[in-house]
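Participant: Model the structure of this input:
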Amino acid sequence: MIEMAVLVPAVATAFWFGRRSALPRRGGEPAPAFRLEAQPQQWYRLTNTGPVLATGVRVDFGDRYDRALTRRLPDVLDLGPGESVTFLMLGTWATPRPAELRVSCAELPKLALVPVPEGSEPLAS
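Facilitator: The predicted structure is shown next:
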């Protein structure tokens, strides 16, 4: 019985603090921010410009773009402050690149809309 008297409050406390840490951030607290930069030959760099770690980052391209036209972009990733991921986002006649990306992470209560810049000029061959 003594074990239950110790175990139940300990589990309840851990559960309470675990739930609180999983809640979305309220306004005024630091949050991740994202910027997309064009690189040569249809490569792009997504950077976390915010002051905190972005966990569970997912990139949504919208309904009109096929994710199969991307390379080197994980389904889910974590980006620390100043960290980035470089990926290929091909544009075709049938499937042009989207005008903006919808980026989500655990620290943001709603999607971050990140504009897609015009691609850089291809490298001279």
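Participant: ok now do N48, which residues does it touch?
Facilitator: 32-34, 54, 57, 79-84 (CB atoms under 8 Å, 6 or more residues apart in numbering). Where you see a C-beta, it was placed from the backbone N, CA and C, and this is true even at glycine.
Participant: Excluding chain neighbours, what is closest to it?
Facilitator: Of all residues not flanking N48 in the chain, L79 sits nearest, at 3.9 Å (CB to CB, 6 or more residues apart in numbering).
Participant: Give the burial count for that neighbour, as a bare number.
Facilitator: Per other CB atoms under 10 Å, the neighbour tally for L79 reads 21.
Participant: could you list every residue that touches it?
Facilitator: The neighbours of L79, taking CB under 8 Å, 6+ apart as the test, are 32, 46-48, 53-54, 57, 85.
Participant: Tell me which two of these sit farthest apart.
Facilitator: The largest separation in these, counting by CB to CB, is between L46 and L53 at 14.8 Å.
Participant: residues contacting D66?
Facilitator: Contacts for D66 (CB under 8 Å, 6+ apart) come out as T95.
Participant: Which pLDDT value does the model give it?
Facilitator: pLDDT for D66: 93.
Participant: and it, how far is that from E37?
Facilitator: 22 Å (CB to CB, to the nearest Å).
Participant: what does G91 give?
Facilitator: From G91 across to E37, the span is 16 Å (CB to CB).
Participant: cool, and G82?
Facilitator: Taking CB to CB, one finds G82 at 13 Å from E37.
Participant: what's the overlap in contacts for these two?
Facilitator: Taking CB under 8 Å, 6+ apart as the criterion, G82 and E37 both touch T47.
Participant: which of these two has more neighbours?
Facilitator: The residue with more neighbours, out of G82 and E37, is E37; 13 against 10, by other CB under 10 Å.
Participant: name the element the more buried one belongs to?
Facilitator: Using DSSP states H and E, the element containing E37 is strand 34-38.
Participant: partner strands of that strand, parallel or antiparallel?
Facilitator: strand 43-48 (antiparallel) (DSSP bridges).
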